[in-house]
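Chemist: got a structure for you, letters missing:
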């Protein structure tokens, strides 16, 4: 039996966008996206076992910035809220109220 495997395959899961004013970073571009990057062990080219998981910011130039888990968890609701307003799922008034409740 032949077993085909590899490791290091990466996937990105976008959580949502953050503006430079939302998150204090040395980012030059105005926007960044909160993402979860995973590296996988694959068998027959199917991602099977995650080998590494990182919480990151990625800017418009596709440069990754690693962030701490607690920082990721703090900004995740804001990134999800930004997705909701960009898809017109909530009104501007709802956005402002929810953002204020989050402390941003």
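Modeler: Thanks, I have the structure now. Small disclaimer: the values here were computed from a predicted structure and weren't measured. Numbering: from 1, shown residues only.

Chemist: from residue 90, how far off is the residue nearest to the spatial centre of the chain?
Modeler: With distances taken as CA atoms, centre = their mean, residue 35 lies nearest the centre of the chain, 1.7 Å away. Distance, residue 35 to residue 90, by CB to CB, to the nearest Å: 22 Å. Heads up, the C-betas are built off the backbone N, CA and C, glycines and all.

Chemist: picking that back up, confirm that the residue nearest to the centre of the chain sits in a strand.
Modeler: Yes: assessed by DSSP: H, G, I helix; E, B strand; the rest coil, residue 35 belongs to a strand.

Chemist: for the protein, longest helix please?
Modeler: Longest helix in the chain, counting residues (DSSP state H): helix 69-86.

Chemist: which helices and strands does it pack with?
Modeler: Counting contacts by 3 or more CB pairs under 8 Å, 6 or more residues apart in numbering; DSSP states H and E, helix 69-86 is packed against strand 5-19, strand 31-43, strand 46-59, helix 92-102.

Chemist: mind listing what's buried along that helix?
Modeler: Using 16 or more other CB atoms under 10 Å as the test for burial, helix 69-86 gives 72, 75-79, 81-83, 85.

Chemist: what of stretch 5-25?
Modeler: 15-16, 18, 22-23.

Chemist: residue 50: what's its closest spatial neighbour, skipping adjacent residues?
Modeler: Leaving aside its sequence neighbours, residue 50 sits nearest to residue 38 (CB to CB, 6 or more residues apart in numbering; 5.0 Å).

Chemist: surely that neighbour touches residue 52?
Modeler: Yes: between residue 38 and residue 52 a contact is recorded at 6.9 Å, counting by CB atoms under 8 Å.

Chemist: looking at those two, which has the bigger crowd around it?
Modeler: Set residue 38 next to residue 52 and count neighbours by other CB atoms under 10 Å: residue 38 wins out with 16 against 11.

Chemist: that one and residue 74, how far apart?
Modeler: Relative to residue 74, and taking CB to CB, residue 38 is found at 21 Å.

Chemist: what's the answer for residue 23, then?
Modeler: The gap separating residue 23 from residue 74 is 10 Å, by CB to CB.
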